[in-house]
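The amino acid sequence is not available; the structure is as follows:
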């Protein structure tokens with residue numbers, strides 16, 4: 001075994017982060033492995049996770065479940081279901097920390113209005129959150145306030161310092177820049 005593969009195995013990784021609605025439909029998802037090679041396989045996995053967890057009460061704190069050799073850490077808020085998946089060899093506490101960071105960042109960016117309608121209206125910010133938390137399965141950041149801050153400044157106008165913008169101005173600027181870049 002090479003030194004690279006040894007160090008790679010020692011680094012905790014995330015297989016996917018899912019944000020589903022109260023019916024198990026996608027709001028925002030990001031897969032970091034090719035374990036689910038097709039969209040149909042991804043949808044089937046999402047359905048199986050939702051079915052396995054929907055009768056639990058994961059509203060006050062994160063819950064943990066096993067499914068198909070995967071550890072799933074999840075939490076429900078209003079009509080949104082947050083999930084983080086890792087392999088069965090991953091540390092549940094690390095996955096729970098990723099989940100909490102995602103949840104905290106979304107809560108900050110949605111101004112404590114964590115519900116499906118608000119999430120869909122701010123989908124660009126949620127997708128940027130996912131990019132700030134994990135890259136290629138490797139965990140980059142788990143502090144919700146740092147994640148939200150990076151998302152708010154990602155697409156901000158270079159001419160206006162963050163200290164001179166309110167959070168809503170920063171978010172509006174980020175949304176506007178992301179929309180423009182997507183239309184190019």
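That came through fine. Just so we're clear, the structure is a prediction, and the values are computed from it rather than from any experiment.

how far does stretch 101-113 sit from the chain's center?
Here the centre of mass of C-alpha atoms in stretch 101-113, compared against the chain's by C-alpha atoms, centre = their mean, to the nearest Å, lies 11 Å away.

May I see the buried residues of that stretch?
101-106, 108-110 (16 or more other C-beta atoms under 10 Å). Placement of C-beta: from N, CA and C, glycine included.

Closest one of the residues you listed to residue 35?
Within those, proximity to residue 35 (C-beta to C-beta) peaks at residue 102, which comes in at 20.0 Å.

Quick check: that closest one vs residue 142, distance?
Computed with C-beta to C-beta, to the nearest Å, the distance linking residue 102 and residue 142 is 9 Å.

what is in contact with the two at once?
Where contact means C-beta atoms under 8 Å, 6 or more residues apart in numbering, the residues bridging residue 102 and residue 142 through contact with each are residue 133.

And the contacts of stretch 43-62?
With C-beta under 8 Å, 6+ apart as the test, stretch 43-62 has contacts from 18, 20, 24, 26, 29, 36, 63, 65, 67-68, 72-77, 81, 83, 85, 96, 99-100.

In PyMOL, select just the buried ones from these.
Under the burial definition 16+ other C-beta under 10 Å, those of the contacts of stretch 43-62 that qualify are selected in PyMOL by:
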select buried, resi 18+20+24+29+36+63+65+72+73+74+75+76+81+83+85+96+99+100
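
Among the contacts of stretch 43-62, name the ones in helices.
In helices, judged by DSSP state H, the following of these are found: 96, 99-100.

just those residues now: which is nearest residue 153?
For residue 153, the nearest member of the ones in helices among the contacts of stretch 43-62 is residue 100. The distance, counting by C-beta to C-beta, is 21.6 Å.

I figured the closest one hits residue 144, correct?
Yes: contact criterion C-beta atoms under 8 Å: residue 100 and residue 144 qualify, at 7.1 Å.

can you pull out the strands in this structure?
When assigned using DSSP state E, the strands of the chain occupy the ranges 16-21, 26-31, 63-67, 70-77, 80-87, 134-135, 138-139.

Out of those, which is closest to residue 122?
Counting by C-beta to C-beta, residue 122 lies closest to strand 26-31 out of the strands of the chain; the figure is 10.0 Å.

Can you show me the helices along this protein?
For the chain, the helices defined by DSSP H occupy 3-10, 39-53, 92-109, 116-121, 123-133, 144-154, 167-183.

will you turn the ones you listed into TSV that also has distance to residue 59?
Listed next are those as TSV, based on distance: least, C-beta to C-beta, whole Å:
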stretch	distance to residue 59
helix 3-10	34
helix 39-53	12
helix 92-109	12
helix 116-121	15
helix 123-133	20
helix 144-154	18
helix 167-183	26
